[in-house]
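>>> here is my input; please provide its structure:
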Amino acid sequence: MIRLVRENRAPEVDRGCLDEAVGLQVDVESDARVVREDGPNNGRSHEGARMERGDADLGKDELIDDDSVRFERYQRLQRYVGWSDDDATIVVLLRPVLTPSFDAVIRDFYDRIMAFSETRDAITEGEAQVARLMVTLRQWLDELLSGPYDAGYVSRRWQIGRRHVQIGLEQSFVAAAMSRLRQNVVRGLHAAFRSSAEVRAAISPSNAEEGLERSVIALNRLFDLELAIVEWAYREEFTRRDQQIQRMATLGQVAGGIAHELRNPLNVIKTSVYFLQNAKQLTDEKRAEHLARIERQVDLANDVISAITQFARIAAPEKRVIDLRASLPEWVENHCLSGNVERVFHLETVPGLLGDPRQLQIAVGNIVRNACEAMSSGGQLILTLRKSVGGLELLIADTGHGIPAEQLKRITEPWYSTKARGAGLGLAITKAILEKHDALLHVTSEMGAGSKFSLRFPAHVLVD
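From the prediction side, this is the model:
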């Protein structure tokens, strides 16, 4: 008779080389806070503060750096798949039954990896690496079937998914590799059940068939949880790396924009300085002309730097109730300096707007300034303030030359400008400010007829 002994702790595992399902090593030093109770499903009944949110956000994308928070989510996943203390007990009792099949499972696993280029490329050191990793896969299987399924366990398994991204393995092959492990482990259980009366009796002395069914269910739940951890970690690491790439791309865009915007005034300054230093017959008129030119270019460079600083440091709004109907005429006069543009106001009485008046004046001012500059030969600037379904709308229209369709799609991008002089940050700042006020910006334009900017504020920012 095989005597199955329930183990209260996992065997010693080399945490510096846990297998990662494709056969690469991970250095794991977990200092996770472990919440434990007696039994193989240690910590299962622990409920953290985050658990009060319920299970509705089980699949929500979050970037989490706290092992205890990961463990709490793992507990929710356990409940989702129906994992119980009985399942944990069954799995631990199955370990000595399944261990004899590990050699075949491991050989099949790496034979399959080496048979496909998509996974074979992860093996960079040939047969020596495979031999080493076959040992670590055995350790991985030992811990899988031993528990305890606590925070430390989740943290170690977490590293597996992260490493898959680091080596560039496609996620679909990660899932396929886990599926093959699952199939072979379950196949090993069936084989042991068929070949050994002792195994059948050990699984369930009274009803072996029922015991086998319960054992397969427990194994499948465990592999479901394992795959959930790996895919969750994979997704988070992929998201983290994608965000890093986007930040680097943005940094490159910003650096290129700064260089472009500052190079022109610097070149003009350099030219004027060279003239002032080398002119043989420098008149007072010429000196004054070039000094004025240098001053203008310094002011232009300063404007670029101010715009960059403003864009980078849009603070949280300091909100108070704003009377838009009273404020808009003043905001327009502050930003439309053209004397041949007619200002037309259609301003309804609307509820107060809870917002930052300084920021909103900048947002509106950027639109107004662009509109007035688009009407250098004169025209009408028309502001309409009215209630709308779900809030209120501010419509700013001009009778200028319009914006081409190919440019309209990009006008709120940082550094995009159609002007000979301009940092291309004005409408990007406007969009960022409106987003901080939960408002939407919609732009339409017709060549030769003008443009319309619609600013839509939701009802929850309105105050009666």
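>>> drop to CA atoms for contacts and neighbour counts, all remaining ones
Will do.
>>> contacting residues for Arg241?
Contact analysis of Arg241 by C-alpha atoms under 8 Å, 6 or more residues apart in numbering lists nothing.
>>> so it is in which element?
helix 208-278 (DSSP states H and E).
>>> what do you get for Glu285?
Glu285 belongs to helix 284-312 when assigned by DSSP H and E.
>>> where does pLDDT dip in the chain?
The model of the chain has pLDDT under 70 over residues 1-65, 164-169, 202-205, 247, 249-258, 260-261, 303-304, 307-308, 310-314, 415-424.
>>> farthest from the middle of it: give me that residue.
Gln281 (62.6 Å; C-alpha atoms, centre = their mean).
>>> wasn't that residue part of a helix?
No. Membership of Gln281 in a helix is not supported by DSSP: H, G, I helix; E, B strand; the rest coil, which gives coil.
>>> one step back: the helix or strand that the helix holding Glu285 is followed by pairs with which strands, parallel or anti?
The helix or strand immediately downstream of helix 284-312 is strand 320-322, counting by DSSP H and E. Paired neighbours of strand 320-322 in the sheet (DSSP bridges): strand 352-355 (antiparallel).
>>> dump the partner strand to PDB, restricted to CA.
In PDB, the C-alpha atoms belonging to strand 352-355 read as follows (Å, rounded to 0.1, in the frame of the first residue of the first chain):
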ATOM      1  CA  GLY A 352     -21.900  78.000 -12.700                       C
ATOM      2  CA  LEU A 353     -18.900  75.800 -13.800                       C
ATOM      3  CA  LEU A 354     -16.800  74.200 -11.100                       C
ATOM      4  CA  GLY A 355     -13.300  74.700 -12.500                       C
END
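>>> neighbouring contacts of whichever helix or strand comes after that strand?
Moving toward the C-terminus from strand 352-355, the next helix or strand (DSSP H and E) is helix 357-373. With contact meaning C-alpha under 8 Å, 6+ apart, helix 357-373 is reached by 317, 319-320, 322, 331-332, 334-338, 341, 381, 396-398, 400, 426-427, 429-431, 433-434, 451, 453.
>>> quick one: residues contacting the closest residue in space to Glu226 that isn't next to it in sequence.
Distances taken as C-alpha to C-alpha, 6 or more residues apart in numbering place Arg157 nearest to Glu226, at 7.6 Å, with adjacent residues excluded. Shown in contact with Arg157 (C-alpha under 8 Å, 6+ apart): Glu226, Ile229, Val230.
>>> compare these and tell me which is most surrounded.
Ranked by neighbour count (other C-alpha atoms under 10 Å), the contacts of Arg157 have Val230 at the top, with 26 neighbours.
>>> check contacts around the nearest residue to that one once chain neighbours are set aside.
Using C-alpha to C-alpha, 6+ apart and skipping the chain neighbours, the partner closest in space to Val230 is Gly161 (4.2 Å). For Gly161, the contact set (C-alpha under 8 Å, 6+ apart) comprises Glu20, Ile229, Val230, Glu231, Trp232, Ala233, Tyr234, Glu237.
>>> pretty sure the third one sits against Arg163.
No. Proximity of Val230 to Arg163 does not meet the contact threshold set by C-alpha atoms under 8 Å, at 9.6 Å.
>>> now do the one helix or strand Arg194 maps to against helix 208-278: the angle between them, please.
Using DSSP H and E, Arg194 sits within helix 171-195. Helix 171-195 runs at 160 degrees relative to helix 208-278, counting by axes from the mean of the first three to the mean of the last three C-alpha atoms, to 10 degrees.
>>> list the buried residues for helix 171-195?
Using 16 or more other C-alpha atoms under 10 Å as the test for burial, helix 171-195 gives 171, 173-175, 177-178, 181-182, 184-190, 192-193.
>>> quick check: phi and psi on Arg456?
For Arg456, the backbone dihedrals (degrees, to the nearest 10) come out as phi -110, psi 120.
>>> count of residues packed around Ser306?
The number of residues packed near Ser306 is 12, by other C-alpha under 10 Å.
>>> check Glu213 too.
By the measure other C-alpha under 10 Å, the count of residues near Glu213 is 12.
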